[in-house]
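J.: Got a predicted model here, sequence first, then my questions.
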Amino acid sequence: MTTPKICDTILDAIGHTPLVRVNRLTAGVIDADVFIKLETFNPGNSIKDRMALKMIEDAERAGALKPGGTIIEGTSGNTGMGLAIAAVVRGYKCIFTTTDKQSKEKIDALRAFGADVIVCPTDVDGFSVSKKLEKAGNWASDTAELFFEDVRVPKRYLVGQEGMGFMYLMQNFQSERLVGCVSGLSGAKLALDRSVQWGRERSAFGKPLIKREYWQQKLVELYTKYEAAKALSYNACAAYNDDKYVNSGMISMETTRLVSMAKAYVGDVTAEILDQCVQFHGGMGYLEELWVARAWRDARLFRIGGGTTEVMRYAVARIMGF
């Protein structure tokens, strides 16, 4: 008989979710053990519980979050729930903002954990949402234009200091760019690895495609650029961490230079990797039904979102006094 694990607090249960073997779905398809991690067994029913606890612990270690402190978050999903659960155990106050599109059950649950939830209405005079915009990629993320025409915002909906919204947005740009670098590189590495595996199985003119010297040279070059981009991104992440969390200060111009360099370089590298992965797959790579075509068009956004590659290089030039 297995002795049950006893948790001192609900936070000890976060991350200890079961692995379940997949049997019927993989039978006769692949010769490997496949498991599913049931993250819905976290206290907040989501993998976001892990992220929320990690953010709080990192802020505590850096001294950015002190006893009795307040956590402010704009939430429309499960991150707020994870933060609320961790905050009530650690003794922090939470202030969340959301819209009236959020379910009543989710709002009630957040308030049950002691969070102050500011529900901003969307049915106000002057506010409207245009039709959904059809993007070239990232179809799973809805995008639309929001129109604010002479909208009056009651004081009770004010979060932070009036007139500082743009500055708050700008302060988050560096972290957004770093997240984009890491996620973009992760996707590029996965695309490379999957392409290599496909090249081992795909034969062309009598031997596997991976044995063609041209593609051996090209793939080595792409892996090298990936490693260089990763090293630059990690260096920028370390500088950002030192500025914001170790030294509890503002992001320095030197760190901004590194982040901007990483954003520009990673954009170029990921674009080249995905383009070559499509080429490696030949005509099949251009079919929408194949994963590599979707990855290719989705990766294109990185050189635009969060600051275009051209703006990043311009910022670096200004910092370096060119």
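T.: The structure has been received and is ready for your questions.

J.: contacts and neighbour counts: CA atoms only from here.
T.: Fine.

J.: didn't residue 208 look like it was pressed against residue 199?
T.: Yes - with contact defined as Cα atoms under 8 Å, residue 208 reaches residue 199; the gap is 6.4 Å.

J.: So for these two, which sits in the more crowded spot?
T.: Using other Cα atoms under 10 Å as the criterion, residue 208 and residue 199 rank with residue 199 on top: 19 against 14.

J.: Next up, the contacts around that one.
T.: Each residue near residue 199 by Cα atoms under 8 Å, 6 or more residues apart in numbering is listed here: 208-210, 280.

J.: In PyMOL, select just the buried ones from those.
T.: Entered in PyMOL, the line below selects the buried ones among the contacts of residue 199, by 16 or more other Cα atoms under 10 Å:
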select buried, resi 209+210+280
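
J.: ok, of the contacts of residue 199, which one's closest to residue 95?
T.: Proximity of the contacts of residue 199 to residue 95 (Cα to Cα) peaks at residue 280, which lies at 49.6 Å.

J.: hang on, the earlier thing: out of the contacts of residue 199, name the ones that lie in strands.
T.: Of the positions in the contacts of residue 199, residue 208 sit in strands, assigned by DSSP state E.

J.: Please render the contacts of residue 199 as CSV that adds pLDDT and distance to residue 104 to the earlier fields.
T.: Conversion of the contacts of residue 199 to CSV gives the following (pLDDT from 0 to 100; distance: Cα to Cα, whole Å):
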residue, pLDDT, distance to residue 104
208, 93, 57
209, 92, 55
210, 93, 54
280, 96, 49
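
J.: Specify which member of the contacts of residue 199 is nearest to residue 234.
T.: Using Cα to Cα, the contacts of residue 199 come closest to residue 234 at residue 280, 28.6 Å.

J.: of the contacts of residue 199, closest to residue 140?
T.: Here the nearest of the contacts of residue 199 to residue 140, counting by Cα to Cα, is residue 280; it sits at 25.8 Å.

J.: what residues are up against the closest one?
T.: Contacts of residue 280 by Cα under 8 Å, 6+ apart are 195, 199, 215.

J.: Repeat the analysis, applying 10 Å as the threshold.
T.: Contacts for residue 280 were tallied using Cα atoms under 10 Å, 6 or more residues apart in numbering; they are 195-196, 198-199, 209-210, 215, 218-219, 274, 292.

J.: now do residue 215
T.: 196, 199, 209, 221, 276, 280.

J.: And residue 148, by the same measure?
T.: By Cα under 10 Å, 6+ apart, the neighbours of residue 148 are 124-129.

J.: Recalculate using a threshold of 8 Å.
T.: So residue 148 contacts 126-128 (Cα under 8 Å, 6+ apart).

J.: Output these as CSV; include the columns neighbour count and pLDDT.
T.: Formatted as CSV, the contacts of residue 148 follow (neighbours: other Cα atoms under 10 Å; pLDDT from 0 to 100):
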residue, neighbour count, pLDDT
126, 12, 90
127, 15, 88
128, 14, 88
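
J.: Out of the residues you listed, name the ones that lie in strands.
T.: 127-128.

J.: closest to residue 18 among the contacts of residue 148?
T.: Using Cα to Cα, residue 128 comes nearest to residue 18 of the contacts of residue 148, at 43.9 Å.
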